[in-house]
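[1] Quick one, what's the 3D model for this:
(2 chains)
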Protein chains: 2
Amino acid sequence: MNVTEAIESRRSVHDYADEPLDDETIEELFDRVKYTPSGYNLQPWEFLVLRDEENKRRLRERAFDQAHVTDAAAAVVVLGNSDPAAHADRIFDDWLDKGYLPDEETRDELIDQVEGWRERTEEENRVWTTRSTALGVMTLMYAAWEMGIASGPMEGFDPDGVREEFDIGEGYEPVMLVTLGYPTEDADDLDGPRKLRRPVEEITHFETFDPTPETEPAAEAVEAEASADDD
Amino acid sequence: MNVTEAIESRRSVHDYADEPLDDETIEELFDRVKYTPSGYNLQPWEFLVLRDEENKRRLRERAFDQAHVTDAAAAVVVLGNSDPAAHADRIFDDWLDKGYLPDEETRDELIDQVEGWRERTEEENRVWTTRSTALGVMTLMYAAWEMGIASGPMEGFDPDGVREEFDIGEGYEPVMLVTLGYPTEDADDLDGPRKLRRPVEEITHFETFDPTPETEPAAEAVEAEASADDD
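    Below is the predicted model of the structure:
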């Protein structure tokens, strides 16, 4: 499946077939996720993969009882490490070894810089880890879709409840949940009309930032758009 | 280019050829970005695309003088709208029109809910907009790469300086910068050894979250890994 096809055909799915995801498939999937870029290559992402029925049920209780959490073959709690320096030594040793840094002094300066980020506000580090970890989630959803595995990204859950339920320490930000599984053959999510996307003219701005004010199209215009977009 | 190939061959690039990106190409690219999923389909992303030399120079000054900002054909300031309800009316009207909501009352409840998010802390809304907008950035980088366009994601810049320089209102979060352009034929970024990626065994956790402690491999082990990873 080419990239454009994956981007245009991927839908958020809630209707999952009763077919498991085996260890090999999960490993193949996350082996692609690892290539996601991150600031300074610091890779703050962690993925808690739940396939056990009881564990999915516990997660569903913390996710406003959304049925696809237990219907999916796997439900993934996506976590971002809020410590920017968690992997700094390894990462910058690697840069030095591969010739991306001129000397050990430069490596040590980079480690110091990233360790200094520990002193930023908790808010800054939440934003920081959310940014790189979300890049990883998008890789996950495209890699899955090419493998025939649908995904359902969710931000509607109780983060403190999820923390408590799965013993997740304060140093990790619950970024999102993602359900994963093979879709049913007649999944409504895949067959129904595509939801509105803000058009390219509205989301791109050239040379100066002049956000398009929220336009309120007349009811007739909305109807016409809905029909036109009915793919 | 299939998805796996795009994921595995994409690299962060700084060596750009002196070849412009025309309007049609930019439009084609962002026309794919728009399909990115977002919570409640609220699509908070905005992209300020700079191709003018003077504007790229102004951005570079706010981005620690990184040369690829001006070397690239385009430098993109990625912004996240911090107002969750900015597009709520349109989005939920669309859901109602397409049969995803049973009635107007449900639509109005959803609009109220999302408008209520305006009362969350500024921190929560920064995290919220960063999450969805970063998903869009990852789509941008894969869509670009399939079109032969390399990208250089950056979180190293002065967000307040960028705000000031480009008149970006307080309601928008500067999420990242991304440089875009055709790579040089001998781009070091594409030919050099791949940087270390945390292995799949380390980033995935099954049923319980037990983060692997930062392991400090002996110097010999790091060297061996660097050679093995020398692709």
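[2] going forward, measure contacts between C-alpha atoms and count neighbours the same way
    Will do.
[3] Grab the longest helix from chain A for me.
    helix A:122-146 (DSSP state H).
[4] anything in it near chain B?
    Yes - judged by C-alpha under 8 Å from any C-alpha of the partner chain, helix A:122-146 comes into contact with chain B at A:123, A:126-127, A:130-132, A:134-135, A:137-139, A:142-143, A:146.
[5] One more: stretch A:18-28?
    Yes - against chain B, stretch A:18-28 shows contacts by C-alpha under 8 Å from any C-alpha at residue A:27.
[6] State the distance from the residue of chain A found nearest chain B to residue A:27.
    Nearest residue of chain A to chain B, counting by C-alpha to the nearest C-alpha: residue A:2, 3.9 Å away. If you measure residue A:2 against residue A:27 using C-alpha to C-alpha, to the nearest Å, the figure is 21 Å.
[7] low-confidence ranges in chain A?
    Applying pLDDT under 70 to chain A flags residues A:212-231.
[8] Helices of chain A, residue ranges please.
    A:3-9, A:23-33, A:53-61, A:68-71, A:88-97, A:104-116, A:122-146, A:159-165, A:188-191, A:200-203, A:219-228.
[9] Can you give me the distance of residue A:31 to residue B:8?
    In terms of C-alpha to C-alpha, residue A:31 sits 10 Å off from residue B:8.
[10] Comparing those two, which residue is more hemmed in?
    Higher neighbour count among residue A:31 and residue B:8: residue A:31, with 20 against 14, using other C-alpha atoms under 10 Å in any protein chain shown.
[11] Leaving out sequence neighbours, find the closest residue to that one.
    Leaving aside its chain neighbours, residue A:31 sits nearest to residue B:200 (5.3 Å; criterion: C-alpha to C-alpha, 6 or more residues apart in numbering or on different chains).
[12] give the contact list for that neighbour.
    Contacts for residue B:200 were tallied using C-alpha atoms under 8 Å, 6 or more residues apart in numbering or on different chains; they are A:27, A:30, A:31, A:34.
[13] Of the residues you listed, just the buried ones, ChimeraX syntax please.
    Selection of buried members from the contacts of residue B:200 for ChimeraX, criterion 16 or more other C-alpha atoms under 10 Å in any protein chain shown:
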select /A:30,31,34
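[14] which one of the contacts of residue B:200 is nearest residue B:110?
    The closest of the contacts of residue B:200 to residue B:110 turns out to be residue A:30 (C-alpha to C-alpha; 34.1 Å).
[15] ok now do the closest one, which residues does it touch?
    A:140, B:200, B:204.
[16] Let's have these in JSON lines, adding distance to residue B:40.
    Output for the contacts of residue A:30, formatted as JSON lines (distance: C-alpha to C-alpha, whole Å):
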{"residue": "A:140", "distance to residue B:40": "19"}
{"residue": "B:200", "distance to residue B:40": "30"}
{"residue": "B:204", "distance to residue B:40": "27"}
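[17] Name the nearest of those residues relative to residue A:52.
    Nearest to residue A:52 among these is residue B:204, at 15.1 Å by C-alpha to C-alpha.
[18] Quickly note the distance from the spatially closest residue to the closest one that is not a sequence neighbour to residue A:178.
    Once flanking residues are discounted, residue B:204 sits nearest to residue A:47: 4.9 Å by C-alpha to C-alpha, 6+ apart. Distance, residue A:47 to residue A:178, by C-alpha to C-alpha: 10 Å.
[19] what do the two both touch?
    With C-alpha under 8 Å, 6+ apart, residue A:47 and residue A:178 have common neighbours A:76, A:77, A:78.
[20] Measure how buried the closest residue to the first one other than its chain neighbours is and give me the count.
    If I follow you right, that is residue A:76. Counting by C-alpha to C-alpha, 6+ apart, the nearest residue to residue A:76 once its immediate chain neighbours are dropped is residue A:49, at 4.6 Å. Other residues within reach of residue A:49, judged by other C-alpha under 10 Å, total 24.
[21] show me what contacts residue A:49?
    A:74, A:75, A:76, A:77, B:204, B:205, B:206, B:207.
[22] and it, bridged to which residues?
    Note on residue A:49: beta-bridge partners by DSSP bridges are residue A:76, residue B:206.
[23] how close does it sit to residue B:112?
    33 Å.
[24] contacting residues for the residue nearest the centre of chain A?
    By C-alpha atoms, centre = their mean, the mean C-alpha position of chain A lies nearest to residue A:137, the distance being 2.3 Å. Counting by C-alpha under 8 Å, 6+ apart, residue A:137 makes contact with A:33, A:78, B:135.
[25] Between those residues, which sits nearest residue A:158?
    Nearest to residue A:158 among the contacts of residue A:137, with distances taken as C-alpha to C-alpha, is residue A:78, at 13.3 Å.
[26] and stretch A:11-21, which residues are buried?
    Buried, per 16+ other C-alpha under 10 Å, within stretch A:11-21: A:11, A:12, A:13, A:14, A:15, A:16, A:17, A:21.
[27] I should have written stretch A:24-33 there, sorry.
    For stretch A:24-33, by 16+ other C-alpha under 10 Å, it's A:26, A:29, A:30, A:31, A:32, A:33.
[28] The closest residue to residue A:10 other than its chain neighbours: what's it in contact with?
    Closest residue to residue A:10 apart from its sequence neighbours, by C-alpha to C-alpha, 6+ apart: residue A:145 at 6.6 Å. Residue A:145 is in contact with A:6, A:10, A:151, counting by C-alpha under 8 Å, 6+ apart.
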